[in-house]
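>>> I need the structure of the sequence given here:
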Amino acid sequence: MRTAEFVRIAKEGRPVYISDVRRTFDADKGKSDIHCILDLLEDGKQSRFVISIPPLAEGEEFIKSYVYARIYNVLSSLGGKKLSIYIDTKNKDVLSLTNSLSDVFGIGAARKDRIGYGRSINVIERMLGSVGGCDFNIDVQDIKSMPAAAKEGLKPVIAKVSYVDTAKNLKGTLCGIDIGGTDIKMAVSIDNNIEFFKEYDWFPANFTRINQLIDPVLLLVKLVRHQLTFNALGGEEKIGRLLKRAMEKTADNASIQTAVAICDEYYGQRTLLFDGIGLCFPDVVIKNKIVGGEVYKTRGIRDNSSIDYEKEFARLTHLNEMLQPHCAKGGIVKMTNDGPMAAYTAAIEMAFGEGEEKVEDGVFAHTLGTELGTGWVDEHGEIPEIPLEVYNFIIDLGSFPEKQYQPDDLRSINNFNTGLPGTLQKYTSQSGVFRLAIKYFTQERKDLYDELIQKGFIEERPEGLFVPITPIDQRKPFLEHMMALPERENCAVCKRIFEDLGEFLAVTWLETEDIMHPKAKQRYLFGRLVKNRLCFELMQKGARRVVEGITLIAADNEMANTPLMKQLKNDPHYTIAQFAQAIGAIYYAMSGAV
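Here you go, the predicted structure:
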C-alpha cells in the first residue's frame, strides 16, 4: 500500500493505524532511515529506534504526521533527557524534516506556549526538574557520527519482599485511594480485614485551582479516619448520624465538611491514624511525586489565565507530604499512577493465587474508564520510572472528517489536552464508546441515536454534541446504557462498537511492543468497560482481527485471590471492577515495608 492509498482511506473517514503505516514504510524499497537515540532518565540507559519513510514527494504532510507521531509516542511513554537523531544529511528533504522537529516539539519555548506535540516536552521537563535535571533537547547529526550501541550491563537483582509475603503479612490500619476522572474510591483495612469503602463523585476537569483537587482528597482522608475512630471508640448518636450521611456515595461536600468539623472537635487527638496510605493518581508519578501536569483532569486549571500554572501545579507535587500527617510515626505514604497500580494489583492477585512464577515476566495492564490508563510492573517486580502516558499515543493517522470537530465535541478524535488527532484518549476509553455510538447510530440505527437524545445522554447544541455534566453528570449512565445495548439489541452495529475498541487495544499492543519491549505479553484490563462479559468478549474478538492470539484478561471476580480482594468479591454492595485498585493500593503501600 502506497502513501496515496493511506490518504484516500483517511479521507473516507476510516482509521489508518500507525502500525500498518510502519510496516508498509519499513518495507519500502526507496526508504530513508531516521536513526534515533533517546537518553533515558536512568543514567546510562538508552532507547534506540529507527523511523523509515518513503520519499516525501509521495505525500509530504501524511509522512510528516507519521514521523511526528512515532517520536511523540516514544516520548510520551519513555520520557528521557535528550533525543539524538542521525540521518544522511545529503538527503535535503529528510534533513529539512528532522531540523523542523525542535520547532514542532516546542524545544526552547515556554511551557505555557507549547501546543500539540510540545505538551510531551512539558511532562518530560517537569520530570527532569523533580530530579534536578536540565531541559530536554533534540539534536540532529550526520549518520557518520552515530555512536555504536553500547552493551547493556546486567540489571542488578534487587532484594524485595515477594507479592505473596506482602499479602500474607499485611498488618496495621491502612487506606487505599484510587483517584479517577469521575470519582474517588477508598478502601480501609485493619490487618487483613476490610473495614469499609467510600466512594465520592467529582469532575476535576472543571476545576480552576489546584486546591479543588487537593482539598477533597485530604477531606476524605480525614472523614475515613473519623469513621475508623467511631467504629473503634464509639460516640454520641449525633456523631454516628453525621458520619453515616457523609459516608454515603451521594453525600455532598457540605455534609462531609460538617461531619469532619464536628468529629475534629469531638475526637481531637484521639482520632486514629493510618499505618500506611497507598494512592494512585491519574497523572505521571515519579519517585512518589505527581509531575505530569498535562492530563485532562487538570485542564481547567491549566487554562486558567489568572494563575501561574507552574506554581499552582507544583503544590500538587507535594500531595504525598500532605498525606503524611494522617499517618502514625513511621507510617508510609506510597503513590503511583493509576495504570501501574492496576498492573501491581494484577501481579499480587496472580502471584498469591497461582504462584510467583505466574508473574515472572511482569504484568502489563490497562484501565478502561474515563481515559485509558496504562501500567507496567517489569520482570524485576519494579515500576519503571517513565511517563507511560499511553493514552496520548497516536494510533490513527486517518479518520480525517472527525478531525474537524473541537475536542469536547463527542464526534471529535482530537485530544482534550493537546488537540492532536488520533490519540487513544478518544479510542479506548468512554470517549471512544460515545464517539463510535454517534458515528454508527447516525449511519445505521437512527432510532438508537434518537434514544440517546431522549434519555438525555447527548445534548445537541449549535457548537456541537456534548454529554451533559450538570445538573446530573450523564457520563456513567451513558456508558452503562451503551454497554447494555449489545445484549438488548443483539445487532451488528452495537457489537461493532466494542469490537472496534478491541482493535484499538490490539494496535496499542503493537505500539507498546515496538517501543518498550515488555517481557509480559498478555494484557490485564481493569475498569467499567470490562465488567460486562459480552462487551469484553466483543473486545477480544476485535483485538484478534489485528493481532492473532492476543491475550486480554479481564480483572474481574476470577482475579480475587488475596484476603482483601476475596472480601471485596463477596461484598453485597461493591464490585471488583469498582474497587480493585483501591485494594491494590493498600497492598502497594506496604510492599517492601519493613
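
>>> Let's verify Arg70: helix, strand, or coil?
Each residue gets one of three states, and Arg70 gets helix by DSSP: H, G, I helix; E, B strand; the rest coil.

>>> Would you enumerate the residues in contact with the nearest residue to it once chain neighbours are set aside?
Closest residue to Arg70 apart from its sequence neighbours, by CB to CB, 6 or more residues apart in numbering: Ile51 at 5.0 Å. C-beta coordinates here come from the backbone N, C-alpha and C atoms, glycine included. When contacts are counted by CB atoms under 8 Å, 6 or more residues apart in numbering, Ile51 touches Asp33, Ile34, Cys36, Tyr66, Val67, Arg70, Ile71.

>>> strands paired with the one helix or strand Ile51 maps to, and their directions?
Using DSSP states H and E, Ile51 sits in strand 46-53. If you go by DSSP bridges, strand 46-53 pairs up with strand 32-39 (antiparallel).

>>> Give the residue farthest from the middle of this structure.
In the chain, the residue that sits farthest from the middle, by CA atoms, centre = their mean, is Glu236; the gap is 42.9 Å.

>>> Just give the nearest non-adjacent residue to that one, would you?
Closest to Glu236 by CB to CB, 6+ apart is Tyr266, at 7.4 Å.

>>> Pull out the buried residues from the lengthiest helix in the chain.
The single longest helix within the chain, with elements called by DSSP state H, is helix 492-516. Of all the residues in helix 492-516, those buried under the rule 16 or more other CB atoms under 10 Å are 493-512, 515-516.

>>> Stretch 448-461 too?
Using 16+ other CB under 10 Å as the test for burial, stretch 448-461 gives Leu448, Tyr449, Leu452, Phe457, Ile458.

>>> any idea how the chain splits into domains?
In terms of domains, the chain is parsed into 31-145, 163-365+559-566+576-590 (source: automatic domain parsing).

>>> just the ones you listed: most buried one?
Greatest average neighbour count among these goes to domain 163-365+559-566+576-590 (a mean of 20), per mean count of other CB atoms under 10 Å.

>>> still on that earlier bit, possible to save the buried residues of stretch 448-461 as JSON lines with secondary structure?
Formatted as JSON lines, the buried residues of stretch 448-461 follow (three-state DSSP):
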{"residue": "Leu448", "secondary structure": "helix"}
{"residue": "Tyr449", "secondary structure": "helix"}
{"residue": "Leu452", "secondary structure": "helix"}
{"residue": "Phe457", "secondary structure": "coil"}
{"residue": "Ile458", "secondary structure": "coil"}
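
>>> of all these, which comes closest to Arg8?
Distances from Arg8 to the buried residues of stretch 448-461, taken as CB to CB, are shortest for Tyr449 (27.8 Å).

>>> Return the per-residue confidence for the closest one.
For Tyr449, the pLDDT comes out at 98.

>>> For it, which non-adjacent residue is spatially closest?
Sequence neighbours aside, Phe441 is the residue nearest to Tyr449 in space, at 3.8 Å (criterion: CB to CB, 6+ apart).

>>> ok, the one you found to Ala205 distance?
Taking CB to CB, to the nearest Å as the measure, Phe441 falls 25 Å from Ala205.

>>> Assess the claim that Asn532 and Met482 are in contact.
No - using CB atoms under 8 Å, Asn532 makes no contact with Met482, being 9.7 Å away.

>>> and the gap between Asp142 and Ile87?
From Asp142 to Ile87 the distance is 7 Å (CB to CB).

>>> got it, and Asp113?
When distance is defined by CB to CB, Asp113 is 28 Å away from Ile87.

>>> so which helix or strand takes in the residue nearest to Tyr449?
helix 430-444.

>>> before we move on, what about Met482?
Assigned by DSSP H and E, Met482 falls within helix 475-489.

>>> so where's the stretch 451-594 of the chain shaky on pLDDT?
In the predicted model of the stretch 451-594 of the chain, residues 592-594 satisfy pLDDT under 70.

>>> 90 instead, please
469-470, 472, 526-531, 554-559, 575-578, 591-594 (pLDDT under 90).

>>> can you check the stretch 301-450 of the chain too?
Ranges of the stretch 301-450 of the chain meeting pLDDT under 90: 338-339, 367-373, 379-385, 417.

>>> could you pull out the helices for it?
In the stretch 301-450 of the chain, the segments counted as helices under DSSP state H, counting those that start in this stretch are 309-317, 319-323, 338-354, 430-444, 446-454.

>>> what does the stretch 101-250 of the chain give?
101-104, 119-130, 163-168, 211-233, 237-246.

>>> name the helices or strands packed onto the shortest one?
If I follow you right, that is helix 101-104. For helix 101-104, the packing partners by 3 or more CB pairs under 8 Å, 6 or more residues apart in numbering; DSSP states H and E come out as helix 60-78, strand 137-142.

>>> so which of these gets nearest Asn392?
Of all these, helix 60-78 sits nearest to Asn392, with 4.4 Å by CB to CB.

>>> any idea of the angle the closest one forms with strand 46-53?
For helix 60-78 against strand 46-53, the angle by axes from the mean of the first three to the mean of the last three CA atoms, to 10 degrees is 160 degrees.

>>> In PDB, list the C-alpha atoms belonging to helix 60-78.
C-alpha atoms of helix 60-78 as PDB (Å, rounded to 0.1, in the frame of the first residue of the first chain):
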ATOM      1  CA  GLU A  60       4.700  15.100   2.500                       C
ATOM      2  CA  GLU A  61       2.000  16.100   5.100                       C
ATOM      3  CA  PHE A  62       1.000  12.500   5.800                       C
ATOM      4  CA  ILE A  63       4.600  11.300   6.000                       C
ATOM      5  CA  LYS A  64       5.500  14.100   8.400                       C
ATOM      6  CA  SER A  65       2.500  13.300  10.600                       C
ATOM      7  CA  TYR A  66       3.800   9.700  10.800                       C
ATOM      8  CA  VAL A  67       7.300  10.800  11.900                       C
ATOM      9  CA  TYR A  68       5.900  13.200  14.500                       C
ATOM     10  CA  ALA A  69       3.600  10.600  15.800                       C
ATOM     11  CA  ARG A  70       6.400   8.000  16.100                       C
ATOM     12  CA  ILE A  71       8.600  10.300  18.100                       C
ATOM     13  CA  TYR A  72       5.700  11.700  20.200                       C
ATOM     14  CA  ASN A  73       4.600   8.100  21.200                       C
ATOM     15  CA  VAL A  74       8.100   7.300  22.300                       C
ATOM     16  CA  LEU A  75       8.500  10.500  24.300                       C
ATOM     17  CA  SER A  76       5.000  10.000  25.900                       C
ATOM     18  CA  SER A  77       5.900   6.600  27.100                       C
ATOM     19  CA  LEU A  78       9.700   6.800  27.900                       C
END
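
>>> Next one: the closest residue to Ile256 other than its chain neighbours from Leu174, what distance?
Nearest residue to Ile256 in three dimensions, chain neighbours excluded: Ala246, at 4.6 Å (CB to CB, 6+ apart). Counting by CB to CB, the gap from Ala246 to Leu174 is 21 Å.

>>> From start to finish, how long is stretch 139-149 in a straight line?
One end of stretch 139-149 to the other measures 18 Å (CA to CA, to the nearest Å).

>>> what pairs with Arg523 across the strands?
Counting by DSSP bridges, Arg523 is bridged to Phe364, Leu552.

>>> Surely Ile458 touches Phe466?
Yes - if you go by CB under 8 Å, Ile458 and Phe466 touch, sitting 7.3 Å apart.
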